[in-house]
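>>> Sequence and predicted structure are below.
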Amino acid sequence: MILNETFELLKTRFSGELVDLKIMDVRMGVFMTAIRLSDNSYGISSTLPDILIPCDKDKRDLGDFTPNKIKGQSIISLFETTKQSKIIDTLRIAALNAISSKLLLASDYRIIENADPIDLIDLNSRKTITLVGAFQSYIKKISENGNKLYVLELNENALREEHKQFFVPAQYYEKVLQFADIVIITGLTLVNNTLDDLLACIMPETQIIVTGPSSSIIPDVLFAHNVKIIGATRITNPDLLFSIVGEASAGFHLFQYCAQKICILND
């Protein structure tokens, strides 16, 4: 899996730094999760909630990585635990993004500041473009330029009424992705562990973009899987981050108050 491959890469390159790294604070909002690590790095992820909480007392989990048992946990423990939950999946992506934030600043990756991936691709040549996730602003821009557009989504109502003509149920991803010239994938697929299956269906010549706050990891493994552009997020005001996330912020709130968009290019 891309998540595990990326963590193994970090362990190989930065084993000394990771050994003592701990979760110092966390805020799990309705839509976004923010994390602060012991090296004072910050990361974010889309929140993947555990919807069903057991009512049976015998099945209630009060162990590691449950409320009051997250702060102080080591990053190594977070990635090596055999426990499975959507909260743990969310924390792992937020932690990877936090670790990656400092590495990206000090790296020689080609990064374009204050840029959105949609502005870096040619929309004027009548391509077949598939979105994995209902990016409303992307749907509007792509459809206005006469491109053939498919939007893979679990919920048709995530699209505006005038855009529902582009809806394709998510389970048909294998049929749709193989014919696309450009595929734009939400970073949420990193959190819910569906990105690997999506990438496996895409043709080598297709331009692949992964974008959104959850996709701010070091790019090496994504690049190795033929991703050409990563739309990442850089936290610019960490003092505001936890407050914003705790007030049910979505991604656009982050960019309004405490973050900026960056693009990492695979040249």
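Arrived safely, thanks for sending.

>>> Give me the helices and strands touching the helix or strand residue 9 falls within, please.
In this structure, residue 9 sits in helix 2-13 according to DSSP states H and E. Secondary-structure packing of helix 2-13 (3 or more CB pairs under 8 Å, 6 or more residues apart in numbering; DSSP states H and E): helix 86-105, helix 195-200, helix 220-224. No exception for glycine: its C-beta is placed from N, CA and C like everyone else's.

>>> between those helices, which gets nearest to residue 135?
helix 195-200 (15.1 Å; CB to CB).

>>> Keeping just the C-alphas, turn the closest one into PDB.
Below are the C-alpha coordinates for helix 195-200, written out as PDB (Å, rounded to 0.1, in the frame of the first residue of the first chain):
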ATOM      1  CA  LEU A 195      -6.000   4.800  -3.900                       C
ATOM      2  CA  ASP A 196      -4.000   1.700  -4.700                       C
ATOM      3  CA  ASP A 197      -6.900   0.000  -6.400                       C
ATOM      4  CA  LEU A 198      -7.700   3.200  -8.400                       C
ATOM      5  CA  LEU A 199      -4.100   3.600  -9.600                       C
ATOM      6  CA  ALA A 200      -3.900   0.000 -10.700                       C
END
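
>>> Parallel or antiparallel, which strands does the next helix-or-strand element following it pair with?
Using DSSP H and E, the helix or strand that follows helix 195-200 in sequence is strand 207-211. Here strand 207-211 is paired, per DSSP bridges, with strand 182-186 (parallel), strand 227-235 (parallel).

>>> Residue 107: what secondary structure?
Secondary structure state of residue 107, per DSSP: H, G, I helix; E, B strand; the rest coil, is coil.

>>> Contacts only, for residue 156.
Contact analysis of residue 156 by CB atoms under 8 Å, 6 or more residues apart in numbering lists 164, 167, 169.

>>> Could you count how many residues lie near residue 216?
When neighbours are counted by other CB atoms under 10 Å, residue 216 registers 30.

>>> ditto for residue 44
Neighbour count for residue 44, taken as other CB under 10 Å: 30.

>>> Would you confirm that it contacts residue 100?
No. If you go by CB atoms under 8 Å, residue 44 and residue 100 don't touch, sitting 11.3 Å apart.

>>> between these two, what contacts are shared?
Common neighbours of residue 44 and residue 100 (CB under 8 Å, 6+ apart) are residue 216.

>>> Is residue 75 in contact with residue 96, as I believe?
No. Using CB under 8 Å, residue 75 is not in contact with residue 96, being 9.1 Å away.

>>> coming back round to it: pick the most deeply packed of the helices and strands packed on helix 2-13.
helix 86-105 (a mean of 22; mean count of other CB atoms under 10 Å).

>>> For it, what does the pLDDT average out to?
Averaging pLDDT along helix 86-105 gives 94.

>>> Following it in sequence, what is the next regular element?
strand 110-113.

>>> Parallel or antiparallel, list what pairs with that next one.
Here, using DSSP bridges, strand 110-113 pairs with strand 259-265 (antiparallel).

>>> who's in contact with the strand it pairs with?
44, 104, 109-117, 120, 213, 219, 228-237, 241, 255.

>>> What pLDDT does the model give residue 217?
95.

>>> just the one 4 residues further on next, same as before
The predicted local confidence for residue 221 comes out at a pLDDT of 96.

>>> next one: the one 4 residues further on
What the model reports as pLDDT for residue 225 is 96.
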